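Participant: sequence first, predicted model second:
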Amino acid sequence: MVNKNLVVVEEAAAHKGLVLLDKATIKAAQDNIRKSLVRLDQAIHQNAVQCLMHAEKHGDTSLFRRLLVDIVDAKSGYRRQGIIAWMREFSPMELNGDVITLTGTFNGLRKPFLIEAANATPFTELAGAKEYVLQRPVFRDTIVSQVSKAISAYEKAVENTLIENGQVVGPKDVSKPFYNGKHMDKMGEVFAKMAALVDEASSFVDTTQAEVQAREALEKAAALNKAA
């Protein structure tokens, strides 16, 4: 017969002292998390409205910039993107890099500040904010660079691998990575093919990444000039 109490003790020990709470306690914690998130979204909305009002009166976007760049930063994901969409919906403010300008237009005219509508529409309820997705392009040079780094890491690991009688014994230098695996001859062939593919992928000109970076640099410089 299995001693259930003993099993529980052993499982707790296996998880380094962590104790499983009962279902009701876990659900209660989830409810508290939900309440905290709702309060946080409300606080962000109220502050964003104040930043909008400040920008309208003083022509100063620094407070909204601080909210987006320093407070609700890029790591916040959907919140930041939602606020950006909300800001564009209800004001002429535009985010260029880490600079906010009053350059938003509609049909050739500068967008107005719609304070009342903004106050009545939290970013969490704005359809456009929910649908807003930040583009994350991947360029040829980025992919090729990642593959080249993988090849280099493999070659360095092999160089630091001590082999005796066709078997991996360990590292030559214990402070550095080594390759621990079988069929090193086949792996060498695979990585040689990868190196050849990297050379092939680099043989033609693709200036897309450079063009995008140059355009973004120009847009940021223009935004800085307008802000100044």
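Facilitator: Right, received. Where do you want to start?
Participant: number of nearby residues for A118?
Facilitator: Applying other Cβ atoms under 10 Å, we find 21 other residues in the vicinity of A118. Glycine gets a C-beta too; all of them are placed from N, C-alpha and C.
Participant: that one is in what secondary structure piece?
Facilitator: helix 115-120 (DSSP states H and E).
Participant: longest helix of this protein?
Facilitator: Using DSSP state H, we find that the single longest helix of the chain is helix 23-58.
Participant: contacting residues around the spatially closest residue to K111 that is not a sequence neighbour?
Facilitator: With Cβ to Cβ, 6 or more residues apart in numbering as the criterion, K111 has its nearest non-adjacent residue at 4.0 Å, and that residue is P92. By Cβ atoms under 8 Å, 6 or more residues apart in numbering, the contact set of P92 is L102, T103, G104, T105, R110, K111, P112, F113.
Participant: just those: which are in helices?
Facilitator: Using DSSP H, none of these sit in helices.
Participant: surely I163 is in a helix?
Facilitator: No - I163 sits outside any helix when classified using DSSP: H, G, I helix; E, B strand; the rest coil, being strand.
Participant: what helix or strand is the closest residue to W86 other than its chain neighbours on?
Facilitator: Once flanking residues are discounted, W86 sits nearest to F123: 3.8 Å by Cβ to Cβ, 6+ apart. F123 belongs to no helix or strand when assigned by DSSP H and E.
Participant: what's the spacing between the residue nearest the centre of the chain and L126?
Facilitator: Nearest to the centroid of the C-alpha atoms of the chain, with distances taken as Cα atoms, centre = their mean, sits K75, at 5.7 Å. K75 sits 21 Å away from L126, going by Cβ to Cβ, to the nearest Å.
Participant: same thing with D41?
Facilitator: 12 Å.
Participant: and if you look at D206?
Facilitator: From D206 to L126 the distance is 37 Å (Cβ to Cβ).
Participant: low-scoring stretches of the protein, by residue?
Facilitator: 1-14, 76-78, 128-136, 219-220, 222-228 (pLDDT under 70).
Participant: let's see it at 50
Facilitator: Applying pLDDT under 50 to the chain flags the ranges 1-2, 4-9, 12, 133.
Participant: just the strands in it please.
Facilitator: Assigned by DSSP state E, the chain shows strands spanning 94-96, 99-101, 105-106, 109-110, 161-164, 167-171.
Participant: got those strands as TSV, with distance to V138 and mean neighbour count columns?
Facilitator: As requested, the strands of the chain are exported to TSV (distance: least, Cβ to Cβ, whole Å; neighbours: other Cβ atoms under 10 Å):
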stretch	distance to V138	mean neighbour count
strand 94-96	22	19
strand 99-101	25	22
strand 105-106	31	10
strand 109-110	35	10
strand 161-164	32	13
strand 167-171	34	13
